[in-house]
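S.K.: generate coordinates for the sequence data below:
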Amino acid sequence: MSEVFLVGGAVRDKLLGLSVKEKDWVVVGSTEKDLLNQGYLQVGKDFPVFLHPETKEEYALARKERKISSGHKGFEIESGKEITLKEDLERRDLTINAIAQSEEGEFIDPFGGMEDIKNKKIRKVSDSFVEDPLRVFRVARFAAKLNHLGFSIDKETLETMKEISKSGELETLPKERLWKETEKAIHEKSPHIYFMTLLEAGALDEKEFKPEDFASLEKINNDILPTKSRWASLLIIDDLDMVKLENKLGVPKKVNEFSSVCKDIFDFYRGEFSEKSLMNLILKTDGLRRDDRFRQALSLVNELKKSEKESKDLKLVNEELLDLLISVSPTSKDQSGEEIAKEIQRKRLVIINKYLLDHE
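M.R.: Numbers count the residues shown, from 1 in each chain. Now for the predicted structure:
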């Protein structure tokens, strides 16, 4: 007789009074064949995970894992009717994520997750925590998620995270997995805590980064929703070494490029505001040909600059100016390409100069 239990984040968030975004279920006492016969769709090649035929929620067969090689994928999976709910919960990372709820509403909590919720502690389930290096980043993300509720990482768990960092196992992690955790973290209520935790755990080199490097994320406007904008806000305000951080965390190319444009605009405002410097900025960022990207970056940086104390009299480049620059056309098409380019450049400099005079 099989049993179904709600597990993981849905149970944790329900107990914390947070909104439940996704529901994950574990099926005990069943087989792949049983679920397939009931119309479930198998989606996991490495794990026995299925989609419910109606709700499309994930149902996984109870399983155990055994470490057989390095990296977060170096596990042997065992599933079947004989695997118990406790064995399935024991393989999970944190006690607050290792609570189940039966279909009748009863909570099953073999590792003290409910007590840790009460005490606001982020604690590993067992010593097998050390087997998956990705958990260093996951714990840092949960620290960012729960910091506003007063949660802190258990001392022994933090020490284990430091051991993993020293072991070199973090280097086996695919960059896309690191970015996946990072992307989720920067959308949490306390994204700066994610980076602070990685520093404390040794996952980021303290010779390259300092806690104060990530201070801007503590006060970032939570209305800034796009990932690329939140990431750019971190980099441009705190003047971080973008290349090192982005290489370390596997940041996608498009996010990198947007951050770079934002940084160029931000740095432009720090210098002398002249027609030539503005024209150079637009050319450097390909702002007229890729004006959608430039407009998005400009909007973000302008918002960030307006919040600064010294920005009362700051001249901010606006979209109207950009429209005028884009609309410039040559007087005659009979000119050579070089002549046309020079004429357009002159006209654009005149427009910028007039803009500067009008905004003195």
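S.K.: count the residues that sit near residue 348.
M.R.: 20 (other Cβ atoms under 10 Å). C-beta coordinates here come from the backbone N, C-alpha and C atoms, glycine included.
S.K.: no no, residue 68
M.R.: Residue 68 has 9 nearby residues by other Cβ under 10 Å.
S.K.: now residue 75
M.R.: Residue 75: 19 surrounding residues under other Cβ under 10 Å.
S.K.: now do the contacts for the residue lying closest to residue 229 once chain neighbours are set aside.
M.R.: Distances taken as Cβ to Cβ, 6 or more residues apart in numbering place residue 300 nearest to residue 229, at 5.1 Å, with adjacent residues excluded. Residues near residue 300 by Cβ atoms under 8 Å, 6 or more residues apart in numbering: 224, 229, 232-233, 262.
S.K.: one more time with 7 Å
M.R.: Residues near residue 300 by Cβ atoms under 7 Å, 6 or more residues apart in numbering: 229, 232, 262.
S.K.: out of those, which sit inside helices?
M.R.: Those of the contacts of residue 300 mapping onto helices are 229, 232, 262, per DSSP state H.
S.K.: which non-adjacent residue is nearest the spatially most central residue of the chain?
M.R.: For the chain, the residue nearest the mean C-alpha position is residue 183 (1.0 Å; Cα atoms, centre = their mean). Using Cβ to Cβ, 6+ apart and skipping the chain neighbours, the partner closest in space to residue 183 is residue 227 (5.5 Å).
S.K.: how near is the one you found to residue 282?
M.R.: Distance, residue 227 to residue 282, by Cβ to Cβ, to the nearest Å: 25 Å.
S.K.: and what of residue 267?
M.R.: 14 Å.
S.K.: what about the two, which has more around it?
M.R.: residue 282 (23 against 13).
S.K.: secondary structure element holding the residue lying closest to that one once chain neighbours are set aside?
M.R.: Distances taken as Cβ to Cβ, 6+ apart put residue 288 closest to residue 282, at 6.0 Å, once the chain neighbours are dropped. Residue 288 belongs to no helix or strand when assigned by DSSP states H and E.
S.K.: mind listing what residue 288 touches?
M.R.: If you count contacts by Cβ under 7 Å, 6+ apart, then residue 288 has 282, 325-326 around it.
S.K.: list just the nearest of the residues you listed to residue 56.
M.R.: residue 326 (44.9 Å; Cβ to Cβ).
S.K.: that older thread, count the residues that sit near the residue nearest to residue 183.
M.R.: 19.
S.K.: how about the one 3 residues further on?
M.R.: The burial count assigned to residue 230 is 20, neighbours taken as other Cβ under 10 Å.
S.K.: equivalent analysis for residue 162, please.
M.R.: 15.
S.K.: can I assume it is in contact with residue 201?
M.R.: Yes. Contact criterion Cβ atoms under 7 Å: residue 162 and residue 201 qualify, at 5.5 Å.
S.K.: re the thing from before, restrict the helix or strand where the residue nearest to residue 229 lies to CA atoms and write it as PDB.
M.R.: Residue 300 is part of helix 291-306, with elements assigned from DSSP H and E. Extracted in PDB, the C-alpha atoms of helix 291-306 (Å, rounded to 0.1, in the frame of the first residue of the first chain):
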ATOM      1  CA  ASP A 291      19.100  51.200 -28.000                       C
ATOM      2  CA  ASP A 292      16.700  49.000 -26.100                       C
ATOM      3  CA  ARG A 293      19.500  47.600 -24.000                       C
ATOM      4  CA  PHE A 294      20.900  51.100 -23.500                       C
ATOM      5  CA  ARG A 295      17.500  52.500 -22.500                       C
ATOM      6  CA  GLN A 296      17.000  49.800 -19.900                       C
ATOM      7  CA  ALA A 297      20.500  50.300 -18.500                       C
ATOM      8  CA  LEU A 298      20.000  54.100 -18.500                       C
ATOM      9  CA  SER A 299      16.700  53.800 -16.600                       C
ATOM     10  CA  LEU A 300      18.300  51.600 -14.000                       C
ATOM     11  CA  VAL A 301      21.400  53.800 -13.400                       C
ATOM     12  CA  ASN A 302      19.300  57.000 -13.400                       C
ATOM     13  CA  GLU A 303      17.100  55.500 -10.600                       C
ATOM     14  CA  LEU A 304      20.200  54.500  -8.600                       C
ATOM     15  CA  LYS A 305      21.900  57.900  -9.100                       C
ATOM     16  CA  LYS A 306      18.700  59.800  -8.000                       C
END
